[in-house]
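Q: structure for this input, please:
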Amino acid sequence: MAVRGRHRRYQPNRINRASLTVTAGGAGMALPLLGAGPAQAADVETWEKVAACESTDDWNINTGNGYYGGLQFTQSTWEAYGGTRYAPRADLATKDQQIAVAEKVLDGQGPGAWPVCSVRAGLTRGDTPDIRPATDKPDGNKKSDKKTGGSSIEDVEPHTTPQSRAGRAEMYTVVRGDTLSGIASGERVGGGWQKLYDANRSTIGGDPDLIIPGQRLALPDGTTKTAGKPAESDGKKAGKAGKAEKAEKKAEKAEKKAEKKAEKKAEKKASSQRTEDRADRAAKTTGGLVAPVSAALGTPYHKAGSAWSKGYHTGVDFPVPTGTSVKSVGAGTVVSAGWEGSFGYQVVVRHADGRYSQYAHLSAISVRSGQSVGAGQRIGRSGSTGNSSGPHLHFEVRTGPGFGSDVDPVAYLRAGGVRM
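A: Numbers count the residues shown, from 1 in each chain. Predicted coordinates for the structure are as follows:
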């Protein structure tokens, strides 16, 4: 008997980040790590002094002034230095993750990124980071670092695969927020996410959209630099660097083209899942709308209770296992796709009749904001992210895009021809 999932009171500041995977064309693409020169690092105690000056040591602060987290990152800086690999904003990341990004900012911009507090805290360009992920291990190719002018200091990446500036690891451990496309781009995998998926099909399974934190993926062309090669002249190094940069840009363009072609092929391919979706739509609809999932109703709309901030349940729940395909109930445009506090990962779609449908507590999102979707098109997979008591889909119909404008979702679906 299926467990009836129910989400708890809406509390935007209680963040429960969970696994999110997105298709190659979807939202939340992970950025490759920036910085290839010697690391400029500071110890944790110094960063804590900077945070005490910037935010009174509140690592989750968000006052609405455009600066986030204990070290007061702007959103543009957080994104430019790879912060979205950990969380959408700095205030949603852990202390270690914020420091990891700050190390990259210090490397790229120097202490001047914090003009006042860096002076007060004594923040300077150092050469040994005080923190490193628990999974990091000493790199056995330090001689190679000396020959290439690099540093043997490892990138500080809390809870991620150990990778050092000396080279690339041949295995990658999936972390929260990762996608195959993002991993392929960040690790510069030739052939893009398709080759990465082909090399790890037995680990990932039949759906490349669904990767799980903790999975170990083999990088098909992952290599590490080796010591013992003759030293090259500066001219040769510069020439090789220029050629490598051109080749890299060319490979990136080819990868993007390949991804677009793959997406088109995937849309045209008649998989068993799409066949099931079409059959489900044919059986359930007569008036243009479809059911978001094939399941019985759980917690009903407008059920009263103190567990909900409005005093009643603002939607209807469908108790389904994590990973169940979630479909848009009608054609429309995606206006929101990402993390939304106690709703976890959600998608909101605006329909032609002016109504908005919300799909919450997702484990995977397959669309991006601004994308047009059709009735019955898969927009994600069910889960239990945010404030949730178990795997289920929370579904709402609203008169506006935000929380608090709900109407009866079951009545809306039935009016559109869905039998429930």
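
Q: wait, a helix at Val101?
A: Yes - under DSSP: H, G, I helix; E, B strand; the rest coil, Val101 sits within a helix.

Q: please shift the residue numbers so they start at 892 in all later answers.
A: Got it, the first residue is 892 from now on, which makes the last one we talked about Val992.

Q: give me the buried positions along stretch 1000-1011.
A: 1002, 1004-1005, 1008-1009 (16 or more other Cβ atoms under 10 Å). C-beta coordinates here come from the backbone N, C-alpha and C atoms, glycine included.

Q: any idea which of these is closest to Arg1246?
A: Among these, Ala1004 lies closest to Arg1246 (Cβ to Cβ), at 45.1 Å.

Q: what's the local residue count around the closest residue to that closest one other than its chain neighbours?
A: For Ala1004, ignoring the flanking residues on the chain, the nearest one in space by Cβ to Cβ, 6 or more residues apart in numbering is Val996 at 5.1 Å. By other Cβ atoms under 10 Å, the residues close to Val996 number 22.

Q: cool, and Met1311?
A: 12.

Q: likewise for Gly1293?
A: Gly1293 - counted by other Cβ under 10 Å - has 12 other residues nearby.

Q: and the helix or strand that contains the residue nearest to Ala1004, what's buried?
A: Val996 belongs to helix 986-1000 when assigned by DSSP states H and E. Residues of helix 986-1000 classed as buried: 986-998 (neighbour count, 16+ other Cβ under 10 Å).

Q: could those residues be laid out in a markdown table, adding pLDDT and distance to Cys944?
A: Output for these, formatted as a markdown table (pLDDT from 0 to 100; distance: Cβ to Cβ, whole Å):
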| residue | pLDDT | distance to Cys944 |
| --- | --- | --- |
| Lys986 | 93 | 15 |
| Asp987 | 91 | 19 |
| Gln988 | 93 | 20 |
| Gln989 | 94 | 15 |
| Ile990 | 93 | 15 |
| Ala991 | 91 | 20 |
| Val992 | 92 | 18 |
| Ala993 | 91 | 13 |
| Glu994 | 91 | 18 |
| Lys995 | 90 | 20 |
| Val996 | 90 | 16 |
| Leu997 | 89 | 15 |
| Asp998 | 86 | 20 |
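
Q: partner strands of the longest strand along the chain and their direction?
A: Secondary structure of the chain per DSSP state E: the longest strand is strand 1247-1256. Strand 1247-1256 has the following strand partners under DSSP bridges: strand 912-913 (parallel), strand 1236-1242 (antiparallel), strand 1269-1273 (antiparallel), strand 1284-1289 (antiparallel).

Q: deepest-packed of those strands, please.
A: Of all those, strand 912-913 has the most neighbours on average by mean count of other Cβ atoms under 10 Å, namely a mean of 27.

Q: mean confidence (pLDDT) on that one, please.
A: Mean pLDDT, strand 912-913: 37.

Q: same check on stretch 933-952?
A: If you average the pLDDT over stretch 933-952, you get 89.

Q: quick one, strands of the protein?
A: Using DSSP E, strands in the chain cover 912-913, 958-959, 964-965, 1062-1064, 1107-1109, 1207-1209, 1216-1218, 1223-1230, 1236-1242, 1247-1256, 1263-1264, 1269-1273, 1284-1289, 1297-1298.

Q: of all the ones you listed, which one comes closest to Asp982?
A: For Asp982, the closest of these is strand 958-959, at 4.3 Å, according to Cβ to Cβ.

Q: what's the closest one in contact with?
A: 952-953, 964-966, 969, 980-982 (Cβ atoms under 8 Å, 6 or more residues apart in numbering).

Q: out of those, which are inside helices?
A: Residues of the contacts of strand 958-959 located in helices (DSSP state H): 966, 969.

Q: going by neighbour count, which of the contacts of strand 958-959 comes out on top?
A: The most crowded member of the contacts of strand 958-959, judged by other Cβ under 10 Å, is Ala981 (28 neighbours).

Q: where does the prediction get shaky in the stretch 1142-1291 of the chain?
A: Within the stretch 1142-1291 of the chain, the stretches with pLDDT under 70 are 1158-1178.

Q: same check on the stretch 942-1091 of the chain?
A: 1017-1060.

Q: how about the helices in it?
A: Under the criterion DSSP state H, counting those that start in this stretch, the stretch 942-1091 of the chain carries helices at the ranges 966-971, 986-1000, 1008-1012, 1033-1039, 1071-1077, 1083-1090.
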